[in-house]
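Novice: predicted model follows, preceded by the sequence.
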Amino acid sequence: MSYLVDFKDVSIVGLESSPVAEALAGLRANEARYLKNKFDHDFVVSDASESAQTITWVHGILFKERNLQIGSPVLQASMFEADGAKRAYLFYESGLSINVLYGLAEGEKRAVGFKLSDGMEIPQELADKFKFARQKSKLAGTIRGSYFVIKGEH
């Protein structure tokens, strides 16, 4: 099932099984607001069961670049192109959100970003590999984030 994320009326649709569903919904809405303001893109997510290709692509990058495997199940995902880059978003049951920015032209920015929902612990698989900076969001409370630059071709 596809869901158009509304950043004015935040909903936990599709995220109900997360122990931090409200905070994760706020984080997802925060991403939707950013994408609408920056690229005039309506953020649509799909259930993980309908997003195997997106999930495989993102998990392949995580594994090949940093030997990372995320233990939590993916609840929702999205992939689209905007501003000359492929962009993918995964929202995990734990409250983790991973986004990939993959510039399509040679030499463009390519990176993976991690965001932690307010109230969740840093996942064990990320704890000793990344430092997380804090930022405040009206929609998501306190977001902790980190990233790494993608070096290979994916």
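Specialist: Everything's here; your move.

Novice: so the residue of the chain positioned farthest from its centre, which of the three states?
Specialist: The outermost residue of the chain, judged against the average C-alpha position, is residue 106 (23.5 Å), by C-alpha atoms, centre = their mean. Using DSSP: H, G, I helix; E, B strand; the rest coil as the criterion, the local structure at residue 106 reads coil.

Novice: gap between it and residue 152?
Specialist: In this view, residue 106 and residue 152 are 13 Å apart by C-beta to C-beta, to the nearest Å. Yep, even glycine has a C-beta here, placed from its N, CA and C like the rest.

Novice: please apply the same query to residue 145.
Specialist: Applying C-beta to C-beta, one obtains 22 Å for the distance of residue 145 from residue 152.

Novice: top helix in this protein by residue count?
Specialist: Criterion DSSP state H: the longest helix present in the chain is helix 21-39.

Novice: ranges for the helices of the chain?
Specialist: Under DSSP H, the chain gives helices at 21-39, 52-66, 124-127.
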